[in-house]
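**Student:** Structure for this input, please:
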Amino acid sequence: GNNNINGSDNNGGKLPSTGGTSSSAVGVIGVLTSIAGIFMMKRKNK
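**Tutor:** Numbers count the residues shown, from 1 in each chain. So this is what the prediction gives:
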């Protein structure tokens, strides 16, 4: 139970010193990058 509370606390927007959240952070960055790429392509096509 304690580990779960710690994990959600680390996920609250802070940068945790543990590498556990880095994978989800990479996923978020990847999604943002792909969204930005789609927006750029749409703007270029217009």
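
**Student:** What pLDDT is listed against Gly30?
**Tutor:** Note on Gly30: pLDDT of 90.

**Student:** and it, what is it in contact with?
**Tutor:** Gly30 makes no contacts at all, as judged by CB atoms under 8 Å, 6 or more residues apart in numbering. Any C-beta I mention is one placed from the backbone N, CA and C, and that applies to glycine too.

**Student:** Let me know the distance separating it from Gly37.
**Tutor:** From Gly30 across to Gly37, the span is 11 Å (CB to CB, to the nearest Å).

**Student:** measure Val26 to Leu32 for me?
**Tutor:** In this view, Val26 and Leu32 are 11 Å apart by CB to CB.

**Student:** any shared contact partners between the two?
**Tutor:** By CB under 8 Å, 6+ apart, no residue touches both Val26 and Leu32.

**Student:** and the helix ranked longest in the chain, which residues are buried?
**Tutor:** Using DSSP state H, we find that the single longest helix of the chain is helix 22-45. Using 16 or more other CB atoms under 10 Å as the test for burial, helix 22-45 gives no buried residues.
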